[in-house]
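**Student:** below is the sequence, then the predicted model.
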Amino acid sequence: MVLVSLVALSAGCGLLPEKTDETRDWSAQKLYSEARGALNDGNYSQSVDYYEKLEARYPFGKYAQQAQLEIAYAYYKDEEPDSAIAALDRFIKLNPRHPNIDYALYLKGLVNYNRGQGLVERFLPVDPADRDPGAALQSFEDFSQLVRQYPDSSYAEDARQRMLYLRNNLALHELRVAKYYMRRGAYVAAANRAKYVVENYPRTPAVADSLSVLTKAYRELGLNQFADDSMRVLRSNHPEHPGVSEAGRTLGDD
């Protein structure tokens, strides 16, 4: 009896109507409109679903290119940076002369700019210089490409401001690594890091401290001539820096 009931139940399940796709008969315009609506409402996963259906069903329609770009923004807002970057790279490759390429480059920079800001960082203050610099370096390159190729873009000025911020933080990150090596007694590594800041991030706030670290590292290594040279640069450009009074008295011309 139980066996008969199970067979009957199984047969009955097979007669249940399959769930239909409500978007099956939607036009490209309808899909695009619904995708934009979901995006504006903050329903990013739904928006992505509609954009993907639009691209799959109408790959050569007038809405397809815009969908390729807007799906990247939906991924970005949904905190899917890898998917956002992949979508943007695809858009740029397929549409190299599209009038919104500057926006695509700007959005790439923005995705990497905000990459790594997890739940903890939203509620607790975290110094940006303490983050892994990889995403910051990539963001800087993305914004740099935008500024080089489209200097008159409406996004260029914001990109320039973000680049300044990124340079300062990248320089500060290198300085902190140099100071770490100093504390560990790894003076060659400390000198190399400090020198990198001076040579690659001029006119950033970290340069003065980097020159001070460089001077101290050279002193520890017995490279007094190099130490004197770096101290003279520090004294000339940042005469009020504490490192001048700390290390300056060891200069040969004092």
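**Tutor:** Looks like it arrived, so ask away.

**Student:** all contacts plus neighbour counts: C-alpha atoms, from now on.
**Tutor:** Noted.

**Student:** surely Leu172 touches Ala206?
**Tutor:** Yes. Between Leu172 and Ala206 there is a contact at 5.6 Å, judged by CA atoms under 8 Å.

**Student:** mind listing what Ala178 touches?
**Tutor:** When contacts are counted by CA atoms under 8 Å, 6 or more residues apart in numbering, Ala178 touches 189-194, 210, 213.

**Student:** give me that answer again for 7 Å
**Tutor:** 190, 193-194 (CA atoms under 7 Å, 6 or more residues apart in numbering).

**Student:** among these, which are located in strands?
**Tutor:** In strands, judged by DSSP state E, none of the contacts of Ala178 are found.

**Student:** now the strands: where do they sit in this protein?
**Tutor:** Under DSSP E, the chain gives no strands.

**Student:** state the number of residues packed around Glu246.
**Tutor:** Neighbourhood size, Glu246 [other CA atoms under 10 Å]: 11.

**Student:** confidence score at it?
**Tutor:** With respect to pLDDT, Glu246 has a value of 72.

**Student:** that older thread, so which of the contacts of Ala178 is the closest to Glu22?
**Tutor:** Using CA to CA, Arg193 comes nearest to Glu22 of the contacts of Ala178, at 59.0 Å.

**Student:** give me the pLDDT for the closest one.
**Tutor:** Listed pLDDT for Arg193 reads 96.

**Student:** who's in contact with it?
**Tutor:** 174-175, 178.

**Student:** distance of Ala35 from Arg57?
**Tutor:** Distance check for Ala35 against Arg57: by CA to CA, to the nearest Å, it reads 14 Å.

**Student:** now, which of the contacts of Ala178 lie within helices?
**Tutor:** Per DSSP state H, helices hold the following members of these: 190, 193-194.

**Student:** out of those, who's nearest Pro81?
**Tutor:** For these, the nearest to Pro81 is Arg193 (30.0 Å; CA to CA).

**Student:** look up how far Ser210 lies from that closest one.
**Tutor:** In terms of CA to CA, Arg193 sits 8 Å off from Ser210.

**Student:** shared neighbours, the two?
**Tutor:** Leu175.

**Student:** what about Ala35 and Arg57, which has more around it?
**Tutor:** Legend: neighbour count by other CA under 10 Å for Ala35 and Arg57, higher for Ala35 (28 against 16).

**Student:** quickly note the distance from the more buried one to Pro99.
**Tutor:** Taking CA to CA, one finds Ala35 at 22 Å from Pro99.

**Student:** likewise for Tyr76?
**Tutor:** Taking CA to CA, one finds Tyr76 at 21 Å from Pro99.

**Student:** more neighbours: which of the two?
**Tutor:** Shown here are Tyr76 and Pro99; by other CA under 10 Å, Tyr76 has more neighbours (23 against 9).

**Student:** quick one, what contacts that one?
**Tutor:** With CA under 7 Å, 6+ apart, Tyr76 has these contacts: 84, 111.

**Student:** per-residue pLDDT of it, please?
**Tutor:** pLDDT at Tyr76 comes out at 96.

**Student:** ok, the one 10 residues further on next?
**Tutor:** Reported pLDDT at Ala86 in the predicted model: 96.

**Student:** ditto for Pro133
**Tutor:** Pro133 is given a pLDDT of 81.

**Student:** near it, how many residues? Count them for me, please.
**Tutor:** 17.

**Student:** what's near enough to touch it?
**Tutor:** By CA under 7 Å, 6+ apart, the residues touching Pro133 are Leu170.

**Student:** now the helices: where do they sit in the stretch 1-150 of the chain?
**Tutor:** Taking DSSP state H, counting those that start in this stretch as the criterion, the stretch 1-150 of the chain carries its helices at 2-14, 28-40, 44-57, 64-77, 81-94, 101-114, 119-123, 133-149.
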